[in-house]
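Q: sequence below, structure please.
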Amino acid sequence: MNTPAPGRALIACPECDLLQHEHAVPPGGTLRCCRCRAVLYRRRAPGFERALAFALAACVLWLISNACPIVGLSVNGDLVETTLIGAVRVLYRDGMWPLAALIFFTTILMPALQAIGMVWLVLPLFLGRVPWHADTVFRLLRVAREWGMTEVLMLGLLVALVKLAHIASVVTGPALWSLAALMALLVAAASACDERAMWMRIDGAPPGLPAGTPLRGPIAAASGICVCHDCGLSTAGTRRHERLVCPRCGAHLHLRKPGSLSRTWAFLSAAALLYIPANLLPVMNTSSLFGAEKDTIMSGVAYLWHSGSWPLAIVVFIASVAVPMLKILAIGYLAASVNLRSTQRSPLRARIYRIVEFVGRWSMLDIYVIAVLVALVQFSALATIAAGPAAIAFGAVVVLTMFAAMSFDPRLIWDPPPDAHPEASR
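A: Numbers count the residues shown, from 1 in each chain. Sure, this is the predicted structure:
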């Protein structure tokens, strides 16, 4: 690795930090790390026309999804309908402002940032111009993709519809179908957009290190090389105000995430503590002519099972009970193995990390079900549903486990003991 092949750029893997030669990728192809199998680059179809069309259509559908009713409930001639913002408003009115903020952030604000951010970047490139403040928009777009949960919301709506069908007549609104289309279009826009090609058009610099770059080993950190997680550039960085920043997008660079393990353990410990009240306390309080009833997550699973909707019962159990617990155990295993400087089963631990990152958002399923039920079942003396204290605890568990996964630096899995990179912060 000290003498790279002439004419072939080097790139560093963002998940295991291995330096390797870049290879040409055909349209639709994927370049993976030869050690940890992480995706280094997916090449999309050339041009920005499809990405722009999908993004513009997503903006229109976002407006419809938030202006029109999602679903309605008809009881004795009375029709109660709700929109996404209406569900947020009911939760806020009932004093559940943490849940209201979480739902607004993940189902309204983040999808809007996804759609608008794509248009902001792709439209100028389509017209042959450079987007204004492209670095900031790319950073916001990355956050929006991590926290936008339209697909989880759709599954939550399906579960809520099954529960509501046993209470009264359900009337689907236009926003339900526009949300489904919005979900598909956001995925299509992201799939049609080649961010590497966009940065090449904006900056003109290739993402890899030029051939002949002096190296001190096969690991990027050993040579002081970082991978920018915002623009993908492999670089030694530049100093600005005592910080190492990416010369292309200005993002802060680190050889390893600062305080990765301590922050991971802090988020994980808080999530583990809150997991207990999230499953023991009532997640919903139902009042009706027949009395009051307090439902936990497990009682909701049992209700779906006994009502004949066993596939949804299994989905809710996996998303709301099994996944949060397995996430806590998996992240704890990853952090403990790094603390113990284990070098065993590194490829397996890398796969566990990717699975944890992928499934993290699906635990929000029960939160969306609760939001829809609370917003719709408001029939005064007949029946009302209010969110219980476990809903806030469960929402906190989901957010904290996602923060724990984001705080964990997967490159630590591959660092050999003793630490060969004293400058790599743990």
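Q: could you point out the longest helix in the protein?
A: Longest helix in the chain by number of residues, with DSSP state H as the criterion: helix 260-280.
Q: so Asn27, which of the three states?
A: Wrong residue type there; residue 27 is Pro, not Asn. Following DSSP: H, G, I helix; E, B strand; the rest coil, we place Pro27 in the coil state.
Q: returning to what we had before: buried set for the longest helix of the chain?
A: 260-261, 263-265, 267-268, 270-272, 274-275, 278-279 (16 or more other C-beta atoms under 10 Å). To be clear about C-beta, it is placed using only N, CA and C from the backbone, and glycine gets the same treatment.
Q: now the residues you listed as JSON lines including distance to Ala51?
A: Below are the buried residues of helix 260-280 laid out as JSON lines (distance: C-beta to C-beta, whole Å):
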{"residue": "Ser260", "distance to Ala51": "33"}
{"residue": "Leu261", "distance to Ala51": "38"}
{"residue": "Arg263", "distance to Ala51": "35"}
{"residue": "Thr264", "distance to Ala51": "34"}
{"residue": "Trp265", "distance to Ala51": "40"}
{"residue": "Phe267", "distance to Ala51": "34"}
{"residue": "Leu268", "distance to Ala51": "37"}
{"residue": "Ala270", "distance to Ala51": "39"}
{"residue": "Ala271", "distance to Ala51": "36"}
{"residue": "Ala272", "distance to Ala51": "41"}
{"residue": "Leu274", "distance to Ala51": "39"}
{"residue": "Tyr275", "distance to Ala51": "40"}
{"residue": "Ala278", "distance to Ala51": "39"}
{"residue": "Asn279", "distance to Ala51": "42"}
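Q: how about those, which pair is most distant?
A: Ser260 and Asn279 (28.6 Å; C-beta to C-beta).
Q: off-centre distance for the longest helix of the chain?
A: 18 Å (C-alpha atoms, centre = their mean, to the nearest Å).
Q: same thing with stretch 16-36?
A: 23 Å.
Q: and that stretch, what's buried?
A: Cys16, Asp17, Leu18, Leu19, Gln20, Glu22, Leu31, Cys33, Arg35, Cys36.
Q: what residues does the residue nearest to the third one when sequence neighbours are not counted make contact with?
A: It stands for Leu18. Of all residues not flanking Leu18 in the chain, Arg35 sits nearest, at 4.9 Å (C-beta to C-beta, 6 or more residues apart in numbering). By C-beta atoms under 8 Å, 6 or more residues apart in numbering, Arg35 lies in contact with Cys13, Cys16, Leu18, Gln20, Trp414.
Q: ok, the last one - contacts?
A: I take that to be Trp414. Cys16, Asp17, Leu18, Arg35, Cys36, Ser346, Ala350.
Q: let's see 6 Å
A: Cys16, Ser346 (C-beta atoms under 6 Å, 6 or more residues apart in numbering).
Q: could you do the fourth one as well?
A: Gln20 is in contact with Cys34, counting by C-beta under 6 Å, 6+ apart.
Q: and it, how far is that from Leu281?
A: 50 Å (C-beta to C-beta, to the nearest Å).
Q: count the residues that sit near Phe358.
A: Using other C-beta atoms under 10 Å, the number of residues around Phe358 comes to 10.
Q: now swap in Ala192 and tell me
A: 20.
Q: what separates it from Ala45, distance-wise?
A: 7 Å.
Q: what's the answer for Arg243, then?
A: For Arg243, the distance to Ala45 - C-beta to C-beta - is 37 Å.
Q: just Leu127 next, same as before
A: 19 Å.
Q: quick one: what helix or strand has Val170 in it?
A: strand 169-172 (DSSP states H and E).
Q: again with Arg196
A: helix 195-203.
Q: who touches that helix?
A: Counting by C-beta under 6 Å, 6+ apart, residues outside helix 195-203 touching it are Leu125, Val130, Ala134, Cys231, Arg248.
Q: and the helices in the stretch 51-200 of the chain?
A: 84-93, 97-104, 110-126, 134-147, 150-165, 174-192, 195-203 (DSSP state H, counting those that start in this stretch).
Q: just so I know, which of those lies nearest Val323?
A: By C-beta to C-beta (comparing all of the helices of the stretch 51-200 of the chain), the closest turns out to be helix 150-165, at 11.4 Å.
Q: list the buried ones in that closest one?
A: Result for helix 150-165 [16+ other C-beta under 10 Å]: buried residues 150-157, 159-164.
Q: contacts only, for the nearest residue to Leu52 once chain neighbours are set aside.
A: Nearest residue to Leu52 in three dimensions, chain neighbours excluded: Val122, at 4.6 Å (C-beta to C-beta, 6+ apart). Contact analysis of Val122 by C-beta under 6 Å, 6+ apart lists Phe48, Ala51, Leu52.
Q: got it, and Ala386?
A: Asp94, Asn285.
Q: that one pairs with what?
A: Per DSSP bridges, the residues bridged to Ala386 are Asn285.
Q: and it, how close does it get to Thr30?
A: 47 Å.
Q: number of nearby residues for Asp243?
A: Small correction: residue 243 is Arg, not Asp. 11.
Q: looking at the residue nearest to Val372 when sequence neighbours are not counted now. What's its pLDDT?
A: Excluding the flanking residues, the one nearest Val372 by C-beta to C-beta, 6+ apart is Ala160, at 3.9 Å. Looking at Ala160, its pLDDT stands at 85.
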